[in-house]
Every structure is written in structure tokens, then in C-alpha cells.
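*Asks:* sequence and computational prediction follow.
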Amino acid sequence: MSDLVPPSDDWLDAECRRLLDFGRRVVHPVGGAAWLDDDGEPDLARPVHTWITSRTVHVFSLGHLLGVEGCAPIAAATLDGLRTTLHDAEHGGWFTAVDATGAPTGTAKSCYDHAFVMLAASSAVVAGIPGAPALLADATAVFERHFWEEPVGRVVDEWDRSFSQSAPYRGLNSSMHSVEAVLAVGDVTGERRWHERAGRIASYVVALAEAHDGRLPEHFGADWSVDLELNRDRPDDPFKPFGATIGHGLEWARLLLHVDATLGDDAPAGLLETSRLLFARAAADGWDVDGAPGFVYTTDWDGMPVVRNRMHWVAAEGIAAAAALHRRTSEEAYADRYAQWWAYVVEHLRDADRGSWHHELDPRNRPQASVWPGKPDLYHAVQATLLPRLPLSPSLASALAVGRGRASGMMGA
């Protein structure tokens, strides 16, 4: 048993509010959410990204549901950017990003972005943000028409602007965030097919984890053939890194438990066992393996570190996964990991002086900005303060709406 004491629910609540306060200047003049620098100032030289904007709508909708003053206007303003500036009025769907004039910076339409639009819209509907129901209807229609792939029961990763040609690539990252999104959509709409889609993707992850000893492949061909060599020459790619991604193993460990709790008797077999496997593999391969505490970013297929930088989101997902497994099993080992990883966040990642969390540290836990300059994203850190205090189902916004945000007392002292 660890001697470390986990943070109390009151501390988690205060940290959540501190994070939200850091992001109060996020609204971009052209619409949507700005990329924030280390002090929370908008970096207007960078594009406005759909994924950052969507995550901003999501977290400030959660803030509004928590009763944090000033969150609703931020959620509304950034949601308006999804309805206007970032939306492709000609072909439908959402651009990946736009520049300071509102012009798209590329032509691809990615499932990753569209999954986050669905998550944003679903949270905003629950929070009562104006325009959210129409956004949710649009986002779900686009997802069903272009990104959900029958009969395989998975997602198409990318299309061209007109949705006439799909890319010859499939990815587990977009699949992962699609699971998160469709669980939330199912909770908000009450339509069971969305939850069932999460189950179908999850069943594939169960098979992948078993076949690869808990090191999940991330990249696939159009026929879902595994590609273990993609980006070997660019191992620190922020969205498609080479090798096994430690943080995704942890994130999947948690998501499988959400799917299990949501579907109940209809859940695919093996979700808890696979969650345990993914968590154990990520902890063994990724945590404190190179002479300093922290999670390495990626490993090769034998579990050796490739990119040793510490990303804030990996620690956040480790915390959330440990909390979820403890809730599901009541096993003390997960509570120990939870306390250990929060202690690491407080000592190394949490920026008490300038706000938010450092997004990237070097292998000796010094702030670095080779992959993630600035502090553009509150999503992972905010969720790390909320998930330990909420049930495994329903999803965050729906759980907060029924007043369960401070009732669980799950891990806190």
C-alpha cells in the first residue's frame, strides 16, 4: 500500500476551476478557440483548430454544469465558431483548421475532428448552450453518412473536402475518440445505436490487445491491415507517432470500462480483462523506465522507449484510468497508482505560477516545447479532475447534469 495521500475532492474541484480560469481568454477573434501560450494568452499567429475548439466547447460546457461563472459565454462563443468559421458550408462537415482570415488551412476532413465536434455538441446540449441541438444534429448526420463504416463496425479516418475520396489509412486514435463521442451522443439522444457502435469498436480493441500483448497498434491500411512501421522516421508525430503510444493504452483502458458500464449485459466479452492488460502494459513499459519519474511518450513493439518526452495528457489519462479501474474493481493497487501519478502531476506538470499544466517535459522533467508549444488544451487535465468523482456511466456532461459531480467521493481523502 502506498503512503501517498490522493487529492481530496475539494482539491480536485479547486484544480478544475483553476484550469478553467486559465482558459478564459481562449475565444479567437475570427471565431472558435485560440491556441494558448504558456500564460494563457491567445497565440493569434497559429491557426484555429477544430479539435481545440471542440474540446474548449466541451470543457466550458462542463464548467457551466459545475456552476462556474463565466463558462457558458465561452462555450457559446466557441460553439459559434464550429457553426460558422470552421464549418464547410459548401460540402458539409468541418475543416481541420482555419487561418486568421477564416480561410481553411487544408482540405482534408478528419474523423478525429468530427468526433470532437460530436462530443462538444453533446456536452453543449446538456449544458443548454444556444445552437447546440442544431450542431449535434449536423455532426451526427455527417458522422453517420461519411465516417461510420458498415459492416465492419469501425470508422473511416479521413476524406477529401468534398467527401468523394477517402484516404487509404485507418487509425486507432480517431476510433478511440469516436468511442468517447458516441457514448456521449447515446447518453444525450437516448438512441441505443450510438452505444452499440462504441461496443463494436471496443470489441476490435479487445482482439488487438490480445494479439499484441497489450501494445496497441495505432495505424492500419484501408482494409484494417496492421502497419507497425508507419512514421518510424517521425517518431514524435503529435497525432500519428511510430510504435505503441503509452497514453492511448491508458485511455483505452478507461474507455473500455465506460463501454462495459454503458452496455451492461450487452457489452462485448473481455472488456475488464483487456482494460487490466492495457493498464498493466502501459505502466510497465511507460512509467519510470529511464531513470526519472514520468511516462515516456512511445515505445517500440518490444516495449523499449522511443520518444522519452513526458506529455501532460499521458499522466492525466493514467490518473483517469487508475480511478476507473479502482471504481470497477475496488483493488488497492489502482488507488496506489492514482495517488502516485497525482503526486507526479503536482510536482512536475502543474504550473502553479503561470497556470494550467506544462504540456511537455523533457526526459528529466524540465519544460520543453518540441511537440506541444504553449498550453493549448484543457481537455485532458480538466477531465482528470472530474472522472475520479463521477460514475463510469453516463458520460461526463450527463453525469454532471444529474448532480453527481461531487457525490461519489471515490478517491479523495
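*Replies:* Sure, I can see it. Keep in mind the model is a prediction, meaning the values are calculated, not measured. Numbering: from 1, shown residues only.
*Asks:* flag the shaky bits of the stretch 1-150 of the chain, pLDDT-wise.
*Replies:* The model of the stretch 1-150 of the chain has pLDDT under 70 over residues 1-2.
*Asks:* all helices for it, in order.
*Replies:* With DSSP state H, counting those that start in this stretch as the criterion, the stretch 1-150 of the chain has helices at 9-22, 50-65, 71-83, 111-127, 132-142.
*Asks:* any idea which helix is longest in the chain?
*Replies:* In the chain, taking DSSP state H as the definition, the longest helix is helix 192-211.
*Asks:* can you list the helices of the stretch 1-150 of the chain in a markdown table and add mean neighbour count?
*Replies:* All C-beta atoms are positioned from the backbone trio N, CA, C, and that covers glycine. Shown next, in a markdown table, are the helices of the stretch 1-150 of the chain (neighbours: other CB atoms under 10 Å):
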| stretch | mean neighbour count |
| --- | --- |
| helix 9-22 | 18 |
| helix 50-65 | 29 |
| helix 71-83 | 23 |
| helix 111-127 | 28 |
| helix 132-142 | 19 |
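*Asks:* before we move on, back to that, if you average pLDDT over the longest helix of the chain, what comes out?
*Replies:* Mean pLDDT, computed over helix 192-211, is 98.
*Asks:* which residues sit against that helix?
*Replies:* Contacts to helix 192-211, defined as CB atoms under 8 Å, 6 or more residues apart in numbering, come from residues 148, 153-155, 172, 175, 178-179, 182-183, 185-186, 216-217, 252, 255-256, 258-259, 262-263, 266-271, 274, 277-278.
*Asks:* what's the spacing between that helix and its chain's center?
*Replies:* Chain-centre distance of helix 192-211: 17 Å, with CA atoms, centre = their mean, to the nearest Å.
*Asks:* so how far is residue 162 from the nearest residue to residue 160 once chain neighbours are set aside?
*Replies:* Leaving out its chain neighbours, the residue that sits closest to residue 160 by CB to CB, 6 or more residues apart in numbering is residue 107, at 6.1 Å. To residue 162, residue 107 is 9 Å away according to CB to CB, to the nearest Å.
*Asks:* mind listing which of the contacts of helix 192-211 are in strands?
*Replies:* Among the contacts of helix 192-211, the ones falling in strands (DSSP state E) are 148, 154-155.
*Asks:* looking at the helices of the stretch 1-150 of the chain, which is nearest to residue 389?
*Replies:* helix 9-22 (5.8 Å; CB to CB).
*Asks:* list the helices and strands that closest one packs on?
*Replies:* Packing partners of helix 9-22 (3 or more CB pairs under 8 Å, 6 or more residues apart in numbering; DSSP states H and E): helix 50-65, helix 379-386.
*Asks:* rewinding a little: buried subset of the contacts of helix 192-211?
*Replies:* For the contacts of helix 192-211, a burial check counting by 16 or more other CB atoms under 10 Å picks out 148, 154-155, 172, 175, 178-179, 182-183, 185-186, 216-217, 252, 255-256, 258-259, 262-263, 267-268, 270-271, 274, 277-278.
*Asks:* who's in contact with the closest residue to residue 195 other than its chain neighbours?
*Replies:* Once flanking residues are discounted, residue 195 sits nearest to residue 186: 4.0 Å by CB to CB, 6+ apart. By CB under 8 Å, 6+ apart, residue 186 lies in contact with 192-195, 198, 262.
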